[in-house]
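K.L.:
sharing a sequence plus its predicted fold:
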Amino acid sequence: MKYYIIAGEASGDLHAAHLMRALYAQDPACDVRFWGGDAMAAAGGTQVRHYRETAVMGAVEVLKKARPILQRLSFCRRDLLAWRPDVLILVDYPGFNLKIARFAHRHGLHVAWYIVPKVWAHKAWRVKALRRDVDALYSIFPFELPWLREHGLEPRYFGNPLVEQLASMDFRPVGEGPVVALLAGSRELELEFLLPRFVALEKLMAADPHMAGFRLVLAGAPSLTEAQYRRYLPADSRIELVFGRTRDILHQARAALVCSGTASLEAALLGTPQAVCYGFHPLTFAIARLTVHVKYISLANLVLDRPAVPELIQNDATPQRMFRELERLLRDDACRSRMAADYAELKQVLGGADASAGVAKDMYETFARI
C-alpha cells in the first residue's frame, strides 16, 4: 500500500516515526511519502517537506504567515493528486490538515487521522469536518473518547504511544551534577515568552544557597535553531543549551519547568516532578480565553481530571512563581511523593504497550480491503 503522512510539528514527527516503523512491520512492501521531521526521515520513506517549514500556531502568528501557508497547501494538494496514495494519514496539526482532509475526500482519497484534534477544548465546529472527511479516527487519550462519541464520531484507541516509546529507551547522562530541566517549547513565540523568564529565574537561583548548585539545562527543540535560542540568552548566562537529548535531560532532572504540550506528558511518564509554564502574545491569549474551554492545559492534569502538576499560565508565569514552584518540587518530599503516585496512576490509565503496532494493524486492515 501507499501511505502519505503529514505531521506538522516535533511531537507529531516522533509519533508518526513510530507509526511508520509499525506500518513497515505490518506491510513490508509499503511505500511511504511524508511531510515531517528528522525522526520520520530516520524511519524511512520519501520526505516531501520538513515540518520546520510549516510549524505555526496562534491567531496573530498565522495571519503573519498566511501567504506561505497557502502556498504549501497548494503544493500539497498537487502532490497528493500526482501520487494518489491508498490512504492519507494526518497527524494532529488541524489548521493545515483539516483543509487537506477536505480536499482529499473530495478527490476520492481515503483519510485516516492519527492523534485527534483538540475539538473538545476549542473549535468544536471542526467535528462536522471530521465526520464528513475522515474515514478512520485514532485517539491517543482515553478522556477524549466519551466526548467524541457524544458528538457523532467513532474514535479508535490503542493506548498512548509515548508509554511504549519511553519504556523502550536507553537513557544517557547529560553531564555531571544535579539538573533542573528547562523546556521552552518548539515554536518561536514560545521562546519569546518563556526564555526571558528563565533567564530571570537563573539569577534568582544563583542568589539562593540552596538552589545555586543546580545546573539549568535547556532542551533545544529540533524545530528551532541554536541562533533562535541564543537571541534570548545573555552572554553571561550559565543556562546550558543541549539539542537532541530532551528525554535524557528530563530523565536525569531532579525537577523541570516545562512548556505545555507533549513534553509535559513525557516528564510525567519519566517520573520527573514538574511545573507547566505557558503564555502567548497578549492578543493571542485574549482570543484563547474566549475560545478555549478546558479546566487544565497540561495533559497529565487533563487525563487525571485533577491538578496533579502545577500550571503557571500567562501572568502567573513569573520568574518569582517559577522559583517558588521549583523550591517546592526540589525540597518538599511530600509533594514529590504525591506527584509520583499521580504519575503511576497516569501511566496505568493511558496504557499503550503496543500502541503504534495496534494503530498500524488497524489501518492496514481497514484500508487494504477498501
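P.N.:
Perfect, thanks for sending it. Residues are numbered from 1 along each chain as shown.
K.L.:
tell me the domain ranges of this structure?
P.N.:
2-158+354-368, 179-350 (automatic domain parsing).
K.L.:
can you give the distance from the first one to the centre of its chain?
P.N.:
In other words, domain 2-158+354-368. 14 Å (C-alpha atoms, centre = their mean, to the nearest Å).
K.L.:
quick check: end-to-end length of it?
P.N.:
Taking C-alpha to C-alpha, to the nearest Å, domain 2-158+354-368 runs 10 Å from one end to the other.
K.L.:
what do you get for the last one?
P.N.:
Domain 179-350 has its terminal residues 28 Å apart, counting by C-alpha to C-alpha.
K.L.:
make 8 the starting number, not 1.
P.N.:
Right, with 8 as the first residue, what we last looked at is domain 186-357.
K.L.:
where along the stretch 108-257 of the chain do the strands fall?
P.N.:
For the stretch 108-257 of the chain, the strands defined by DSSP state E, counting those that start in this stretch occupy 118-121, 143-146, 162-164, 186-190, 222-227, 247-250.
K.L.:
quick one, the fifth one and strand 186-190 angle?
P.N.:
Going by axes from the mean of the first three to the mean of the last three C-alpha atoms, to 10 degrees, strand 222-227 is angled at 30 degrees with respect to strand 186-190.
K.L.:
quick revisit: out of the strands of the stretch 108-257 of the chain, which gets nearest to residue 308?
P.N.:
Among those, strand 186-190 comes nearest to residue 308, with 16.6 Å by C-beta to C-beta. Where you see a C-beta, it was placed from the backbone N, CA and C, and this is true even at glycine.
K.L.:
mean confidence for the closest one?
P.N.:
The average pLDDT within strand 186-190 is 98.
K.L.:
one step back: I'd like to know which of the strands of the stretch 108-257 of the chain is closest to residue 240.
P.N.:
Closest to residue 240 of the strands of the stretch 108-257 of the chain is strand 247-250 (C-beta to C-beta; 7.1 Å).
K.L.:
packing partners of that closest one?
P.N.:
Strand 247-250 is packed against strand 222-227, helix 233-237, with contacts defined by 3 or more C-beta pairs under 8 Å, 6 or more residues apart in numbering; DSSP states H and E.
K.L.:
how about the ones you listed, which one is nearest residue 305?
P.N.:
Short answer: strand 222-227, nearest of the helices and strands packed on strand 247-250 by C-beta to C-beta, at 16.8 Å.
K.L.:
partners of that closest one, with directions?
P.N.:
Here strand 222-227 is paired, per DSSP bridges, with strand 186-190 (parallel), strand 247-250 (parallel).
K.L.:
winner for burial among the ones you listed?
P.N.:
Mean neighbour count, computed with mean count of other C-beta atoms under 10 Å, is highest for strand 186-190 among the strands paired with strand 222-227, reaching a mean of 26.
K.L.:
what sits closest to residue 315 if chain neighbours are left out?
P.N.:
In this structure, residue 315 finds its nearest non-sequential neighbour in residue 349, 3.8 Å apart by C-beta to C-beta, 6 or more residues apart in numbering.
K.L.:
so what's that neighbour up against?
P.N.:
275, 307, 311, 313, 315-316 (C-beta atoms under 8 Å, 6 or more residues apart in numbering).
K.L.:
and those residues, which is closest to residue 243?
P.N.:
The nearest member of the contacts of residue 349 to residue 243, counting by C-beta to C-beta, is residue 316 at 31.4 Å.
K.L.:
any weak-confidence spans in the chain?
P.N.:
Along the chain, segments meeting pLDDT under 70 span 61-73, 293-298.
K.L.:
repeat the analysis, applying 90 as the threshold.
P.N.:
Scanning the chain for pLDDT under 90 picks out 16-18, 58-77, 128-130, 174-175, 193-196, 229-230, 267-268, 287-302, 358-360, 375-377.
K.L.:
switch the contacts of residue 349 over to a markdown table; also include secondary structure, distance to residue 169 and neighbour count.
P.N.:
As requested, these are exported to a markdown table (DSSP: H, G, I helix; E, B strand; the rest coil; distance: C-beta to C-beta, whole Å; neighbours: other C-beta atoms under 10 Å):
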| residue | secondary structure | distance to residue 169 | neighbour count |
| --- | --- | --- | --- |
| 275 | helix | 9 | 30 |
| 307 | helix | 11 | 24 |
| 311 | helix | 15 | 19 |
| 313 | coil | 20 | 12 |
| 315 | coil | 16 | 21 |
| 316 | coil | 16 | 25 |
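K.L.:
now the terminal residues of stretch 249-268, how far apart.
P.N.:
One end of stretch 249-268 to the other measures 19 Å (C-alpha to C-alpha).
K.L.:
buried stuff in it?
P.N.:
By 16 or more other C-beta atoms under 10 Å, the buried positions in stretch 249-268 come out as 252-268.
K.L.:
which parts of the stretch 258-377 of the chain are helices?
P.N.:
Applying DSSP state H, counting those that start in this stretch to the stretch 258-377 of the chain gives helices spanning 269-276, 289-298, 306-311, 326-338, 340-357, 362-375.
K.L.:
then the stretch 8-157 of the chain?
P.N.:
Counting by DSSP H, counting those that start in this stretch, the helices of the stretch 8-157 of the chain are 17-33, 45-50, 66-71, 73-90, 101-113, 133-140, 151-157.
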